[in-house]
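[1] Have a look; sequence and predicted model below, questions after that.
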Amino acid sequence: MIETAYVRINDVVPDRSVMLDAVKALKKGGIVAFPTETVYGLAADSRNKKAIRRLYEIKQRPDSKPFSLLVGSKDSVDKFSKSPPMAVYKLMAKFWPGPLTIVMPSGNSKVGLRMPDNVVALMLISESGLELAAPSANIADKAPCLSADEVMEQFSGKIDIVLDGGEAKLGRESTVVEVDAANSVTVLREGAIKAEDAVKAARTKTVLLVCTGNTCRSVMAEGLLKQKTKDRLSVEVVSAGISALSGMPATAETLSLLSKEGIDMSGHKSRRVSMDMLKSADLILVMERIHKERIKEMAPEIENKVFLLKEFAKIKDGNSDIKDPIGGSIDTYMNIFYIIKDTIERISKTIL
């Protein structure tokens, strides 16, 4: 038996000194109970064999069941798998941070990863710099703990620290899916996310439309293509900008022209292109050659799914770029809008 420290912690702005005490314990091979949005977890340094052995013993868990790991960002996935299947990126884009554990190929083996949606859990990951094994806090045949008090009932005297961040928000374990190298998805455990929602997200075809600021051209293309694919639940259309400032609305001219087509994009907020957007997209259509070049610089491995919008529509008029109308007259906007509308009319049959 050891003395278990019970510490209350603010789950919105955690006290860093408390978190550093927990990190110190982890680095010495200790076990720390902590809150997540699903249930309470038990953390241990995955590279410390004694700590992992102790974790198996106190949970009374068979050695045949490996522990999943927590990550603090989507980019961390690339540390564990050289070439994750595309479905992994689709699932991350849809559900991370959140209650989904993704099992994927890792070298000659597999690894289960989850990015939690909880400030205390994320801070524990970032401050420790460790790869944390983090199963749910419960003895093998008992229900997962939803509060620090329940953790104390099962593990007092067996673990080093309990961080009390209040009741677990969701009160259900994460859903666990496995994605194999061929992109097949198997639901291993249904938890806080419905199994059908996870499978649907992995199988949805995503079209990403890209311009510069994500307030004019890509918004026009997104609205028009969404209108064309509105009956296709398996197709998702999104947009982003290479140099976009996040959270900007579409320009008034763009919204007006779309409105005349019966399309409402008034809720649009601009987004900057990110790696997980690029890797989770099945098709990326850009407005200008410079956009294609920038994406190639960011992620050369996805070059074969990036096309100029006019190129993909097989329009050969001697100018493959669609110019930016930002700051131009309404006539300039109309000219660009009808060029984009023509390309969307042509490609929608191909995509569908």
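    Everything's here; your move.
[2] Which stretches in the stretch 201-350 of the chain count as helices?
    217-228, 252-259, 275-280, 289-298, 309-312, 330-351 (DSSP state H, counting those that start in this stretch).
[3] Can you tell me which of the ones you listed is most buried?
    Greatest average neighbour count among these goes to helix 217-228 (a mean of 25), per mean count of other Cβ atoms under 10 Å. To be clear about C-beta, it is placed using only N, CA and C from the backbone, and glycine gets the same treatment.
[4] hang on, the earlier thing: for A143, which of the helices of the stretch 201-350 of the chain is the nearest?
    Closest of those to A143 is helix 275-280, at 33.6 Å (criterion: Cβ to Cβ).
[5] circling back: of the helices of the stretch 201-350 of the chain, give the one that comes closest to A244.
    helix 217-228 (8.9 Å).
[6] okay, the angle between that closest one and helix 330-351?
    50 degrees (axes from the mean of the first three to the mean of the last three Cα atoms, to 10 degrees).
[7] Between helix 252-259 and helix 217-228, find me the angle.
    Using the same axes, to 10 degrees: helix 217-228 against helix 252-259 is 10 degrees.
[8] Distance from helix 217-228 to the middle of the chain?
    23 Å (Cα atoms, centre = their mean, to the nearest Å).
[9] Report the inter-axis angle for it versus helix 289-298.
    Here the directions of helix 217-228 and helix 289-298 differ by 90 degrees (the same axes, to 10 degrees).
[10] Identify whichever of the helices of the stretch 201-350 of the chain lies nearest to Y56.
    Taking Cβ to Cβ, helix 275-280 is the member of these nearest to Y56, at 33.1 Å.
[11] Remind me what the closest one packs against, helices and strands.
    helix 86-95, strand 205-211, helix 289-298 (3 or more Cβ pairs under 8 Å, 6 or more residues apart in numbering; DSSP states H and E).
[12] now the helices of the stretch 201-350 of the chain in a markdown table, with distance to K110?
    Below are these laid out as a markdown table (distance: least, Cβ to Cβ, whole Å):
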| stretch | distance to K110 |
| --- | --- |
| helix 217-228 | 36 |
| helix 252-259 | 45 |
| helix 275-280 | 20 |
| helix 289-298 | 28 |
| helix 309-312 | 36 |
| helix 330-351 | 33 |
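[13] Reformat those into CSV and put mean pLDDT and distance to H268 next to each item.
    Shown next, in CSV, are the helices of the stretch 201-350 of the chain (pLDDT from 0 to 100; distance: least, Cβ to Cβ, whole Å):
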stretch, mean pLDDT, distance to H268
helix 217-228, 97, 6
helix 252-259, 98, 8
helix 275-280, 92, 15
helix 289-298, 97, 19
helix 309-312, 96, 18
helix 330-351, 92, 15
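[14] The ones you listed: which one's closest to K200?
    helix 275-280 (14.1 Å).
[15] Contacts for that closest one, please.
    With contact meaning Cβ atoms under 8 Å, 6 or more residues apart in numbering, helix 275-280 is reached by 74-75, 86, 89-90, 92-93, 206, 208, 238, 240, 271, 284, 295, 298-299, 302.
[16] any idea how far that helix is from the chain center?
    Centroid separation between helix 275-280 and its chain, computed with Cα atoms, centre = their mean, is 9 Å.
[17] re the thing from before, compare the helices of the stretch 201-350 of the chain and give me the one nearest G166.
    Short answer: helix 275-280, nearest of the helices of the stretch 201-350 of the chain by Cβ to Cβ, at 29.9 Å.
[18] could you dump that closest one to CSV, C-alpha only?
    Output of helix 275-280 as CSV, limited to C-alpha atoms (Å, rounded to 0.1, in the frame of the first residue of the first chain):
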residue,chain,number,x,y,z
MET,A,275,-2.2,19.3,-42.9
ASP,A,276,-5.1,17.3,-41.5
MET,A,277,-7.5,18.9,-44.0
LEU,A,278,-5.1,18.0,-46.9
LYS,A,279,-4.6,14.4,-45.8
SER,A,280,-8.2,13.7,-45.0
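[19] when you give positions from now on, start the count at 36
    Noted, 36 is the first residue going forward, which turns the last one into helix 310-315.
[20] how close does A57 get to L148?
    Plainly put, A57 is 21 Å away from L148 if you go by Cβ to Cβ, to the nearest Å.
[21] Strands along the chain, start to end?
    In the chain, the strands defined using DSSP state E lie at 40-43, 67-69, 76-80, 104-105, 135-141, 144-149, 167-168, 196-199, 210-214, 220-224, 240-246, 270-276, 318-321, 341-343.
[22] I'd like the ones you listed laid out as JSON lines, including mean pLDDT and mean neighbour count.
    What follows is the strands of the chain, written out as JSON lines (pLDDT from 0 to 100; neighbours: other Cβ atoms under 10 Å):
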{"stretch": "strand 40-43", "mean pLDDT": "97", "mean neighbour count": "15"}
{"stretch": "strand 67-69", "mean pLDDT": "98", "mean neighbour count": "27"}
{"stretch": "strand 76-80", "mean pLDDT": "98", "mean neighbour count": "27"}
{"stretch": "strand 104-105", "mean pLDDT": "97", "mean neighbour count": "23"}
{"stretch": "strand 135-141", "mean pLDDT": "96", "mean neighbour count": "22"}
{"stretch": "strand 144-149", "mean pLDDT": "96", "mean neighbour count": "18"}
{"stretch": "strand 167-168", "mean pLDDT": "97", "mean neighbour count": "24"}
{"stretch": "strand 196-199", "mean pLDDT": "98", "mean neighbour count": "24"}
{"stretch": "strand 210-214", "mean pLDDT": "98", "mean neighbour count": "23"}
{"stretch": "strand 220-224", "mean pLDDT": "97", "mean neighbour count": "15"}
{"stretch": "strand 240-246", "mean pLDDT": "96", "mean neighbour count": "24"}
{"stretch": "strand 270-276", "mean pLDDT": "96", "mean neighbour count": "22"}
{"stretch": "strand 318-321", "mean pLDDT": "97", "mean neighbour count": "25"}
{"stretch": "strand 341-343", "mean pLDDT": "97", "mean neighbour count": "19"}
